[in-house]
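J.: Sharing a model prediction with you, sequence too.
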Amino acid sequence: MQVTKMNDQELISLYLNGEEKAFEELLNRHQQKIYTSIYLFVKEQSLAEDIFQEVFIKIIDTLRKGKYNHEGKFLQWAMRIAYNMCVDHFRRSKRRPKISPTETFDIFDVLQVTDDNAEQFMIRSQTHDKIRSLVDQLPPEQREVVILRHYADMSFKEIAKLTRVSINTALGRMRYALINIRKMVEEKEVVLQ
C-alpha cells in the first residue's frame, strides 16, 4: 500500500513501526494548515517557524511514547498543540496575540478560488481586502473564533475546547463578530461586491 493513500491513523502506526516515510507523508499532508494557523497567531515568520518545529517535535515525542490516542483526529490534535504553544509563547512574553493578516500572508491566499476571469478575480480580491480589514477591527476573542472557524475548519466544539471556553461562548463570539462586521459595513457603507 502506498503511504499517500493511507489515512492518518495508518501512517501513525506505520511510523511507530519504524517507517520514517510515513511520518514524512503525515507532515507533508498537514504542514501548510498547521504552519499557517501558527503564523496567523504570532504574526512573525521566524517565530512561526520555530513554534512549528516545536509542535512537530512534541508530536514525534508523544507518538514515540505511545501517548497518542486521538483516533482519526490527528489534524485537530496537532492544531490544539500548535494553539497551546502559541498561547504559551504569549504568556511567556506577556503580550496578547494580534490576529490579523500582514502584507506577506493573507488568510484568503490559502482558500481555493476558481476564477472565471481576471475581472472577477480583482473584484473578489478587493472584497477579501475589505473583509480582512473588517475582521482585523474585531476584538481579539472574536477575531480568534473567526480565524479558527473559517481558516482552520474547526467545529465550534473544537474551538471551545481549544480556547478553553464553553461552546455557547464560542458561538456567541462568532455571533457578535458577525453582528460587528455587519454594523461596520453599514456604518462605513462598505460595498462588498
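T.: The structure has been received and is ready for your questions. Residues are numbered from 1 along each chain as shown.

J.: Just the element for the residue most central in space within the chain, please.
T.: Central residue check for the chain by CA atoms, centre = their mean: the C-alpha nearest the mean position is that of Ser37, 3.2 Å away. Secondary structure from DSSP states H and E places Ser37 in helix 20-42.

J.: tell me the pLDDT at the residue nearest to the centre of the chain?
T.: On the pLDDT scale, Ser37 is placed at 82.

J.: So it sits against Tyr83, correct?
T.: Yes: assessed by CB atoms under 8 Å, Ser37 is found in contact with Tyr83 at 7.3 Å. (C-beta placed from N, C-alpha, C; glycine too.)

J.: Show me what the helix or strand Ile59 falls within is packed against.
T.: Counting by DSSP H and E, the element that carries Ile59 is helix 45-64. Contacting helix 45-64 under the criterion 3 or more CB pairs under 8 Å, 6 or more residues apart in numbering; DSSP states H and E are the following elements: helix 8-16, helix 20-42, helix 74-92.

J.: May I see these arranged in CSV, with distance to Glu144 as well?
T.: Converted to CSV, those look like this (distance: least, CB to CB, whole Å):
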stretch, distance to Glu144
helix 8-16, 25
helix 20-42, 8
helix 74-92, 9
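
J.: closest to Met154 out of those?
T.: Distances from Met154 to each of the helices and strands packed on helix 45-64 were compared using CB to CB; the shortest belongs to helix 74-92, at 6.9 Å.

J.: Helix 20-42 and that closest one, what's the angle between them?
T.: Using axes from the mean of the first three to the mean of the last three CA atoms, to 10 degrees, the interaxial angle of helix 74-92 with respect to helix 20-42 works out to 40 degrees.

J.: Which other helices and strands does helix 74-92 contact?
T.: Helix 74-92 makes packing contacts with helix 8-16, helix 20-42, helix 45-64, helix 156-163 when contacts are defined by 3+ CB pairs under 8 Å, 6+ apart.

J.: can the ones you listed go into TSV with extra columns for distance to Thr169?
T.: Written out in TSV, the entries for those read as follows (distance: least, CB to CB, whole Å):
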stretch	distance to Thr169
helix 8-16	29
helix 20-42	19
helix 45-64	25
helix 156-163	7
